[in-house]
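K.L.:
need coordinates for the below:
(one chain, ligands or ions: 1)
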Amino acid sequence: MDILYIRNLKVETIVGIFSWEKRIRQPIHLDLELAVDIRRAAQSDDIHYALDYKEVSNRLRDYISQSEWHLVETLAERVAELLMTEFGVTWLRLRLSKPAALPAADSVGLLIERGDKQAKPLFAD
Ligand SMILES: Nc1nc2c(c(=O)[nH]1)N=C([C@H](O)[C@@H](O)CO)CN2
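P.N.:
Prediction:
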C-alpha cells in the first residue's frame with residue numbers, strides 16, 4: 001500500500017460550541033494520509049490513474065468552508081466519510097487541528113484512522 005499525503009491544508013470555517021464561535025470563521029488545518037496504489041499511475045504517467053491531490057484539496061476546502069458544526073469530532077468524521085464515499089479511499093489517517101482554540105496551546109485537535117488498511121487500495125489491480 002502506498003500513501004498520498006496532503007500536509008497542513010488550511011481552511012477557515014464556522015466550528016465551535018460557544019455562541020461567539022457562530023459569528024466568526026476559525027482556521028482548521030488538515031494533515032491527510034490516503035491509501036493508494038501508485039504503480040498504474042507511474043507506469044502510464046496518466047492522472048486518470050492517480051488520486052488527484054488538487055481535486056481532493058479543492059473539494060475539502062469547499063466542503064469545510066461551507067460546513068457549520070459544534071464539534072471538531074463531527075467535522076473530522078464528515079471529512080473522512082467524504083473521502084471514502086466520493087473518492088473511494090479505502091483507508092485514511094486524518095489529523096484535524098484547530099490552532100486558535102486554546103490561547104495557551106499551539107493547537108488542539110484529533111487524529112483518526114478510518115477504513116480498512118488491509119483492503120485493496122484505490123487504483124490497485
Ligand atoms: N473534544 C472537544 N472539546 C472541545 C471542543 C470540541 O470540538 N471537541 N470545542 C470547544 C470549543 O468550541 C473551543 O474550541 C473554543 O475555544 C471546547 N472543547
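K.L.:
what strands line up against the top strand by length along the chain, and which way round?
P.N.:
The single longest strand within the chain, with elements called by DSSP state E, is strand 2-15. Sheet pairing of strand 2-15 (DSSP bridges) gives strand 26-36 (antiparallel), strand 68-69 (parallel).
K.L.:
what average pLDDT does the longest one get?
P.N.:
Within the predicted structure, the mean pLDDT of strand 26-36 is 98.
K.L.:
could you measure residue 119 against residue 33, distance?
P.N.:
Look at residue 119 and residue 33: by Cβ to Cβ, to the nearest Å, they are 15 Å apart. (Glycine included, C-beta is placed from N, CA and C.)
K.L.:
higher neighbour count, the two?
P.N.:
Just comparing residue 119 and residue 33: by other Cβ atoms under 10 Å the higher neighbour count belongs to residue 33, 17 against 13.
K.L.:
just give the nearest non-adjacent residue to the more buried one, would you?
P.N.:
In space, residue 33 comes closest to residue 93 once its chain neighbours are excluded; the distance is 4.2 Å by Cβ to Cβ, 6 or more residues apart in numbering.
K.L.:
which ones are touching the one you found?
P.N.:
32, 33, 111, 112, 113 (Cβ atoms under 8 Å, 6 or more residues apart in numbering).
K.L.:
most neighbours among the residues you listed, please name it.
P.N.:
Neighbour counts for the contacts of residue 93 peak at residue 32, which has 24 neighbours (criterion: other Cβ under 10 Å).
K.L.:
and that one, how far is that from residue 45?
P.N.:
24 Å.
K.L.:
likewise residue 22?
P.N.:
47 Å.
K.L.:
the ligand contacts on the chain?
P.N.:
16, 17, 18, 21, 71, 72, 73, 98, 101 (Cβ under 6 Å from any ligand atom).
K.L.:
now do the same contact list for the fifth one.
P.N.:
What it means is residue 71. 15, 17.
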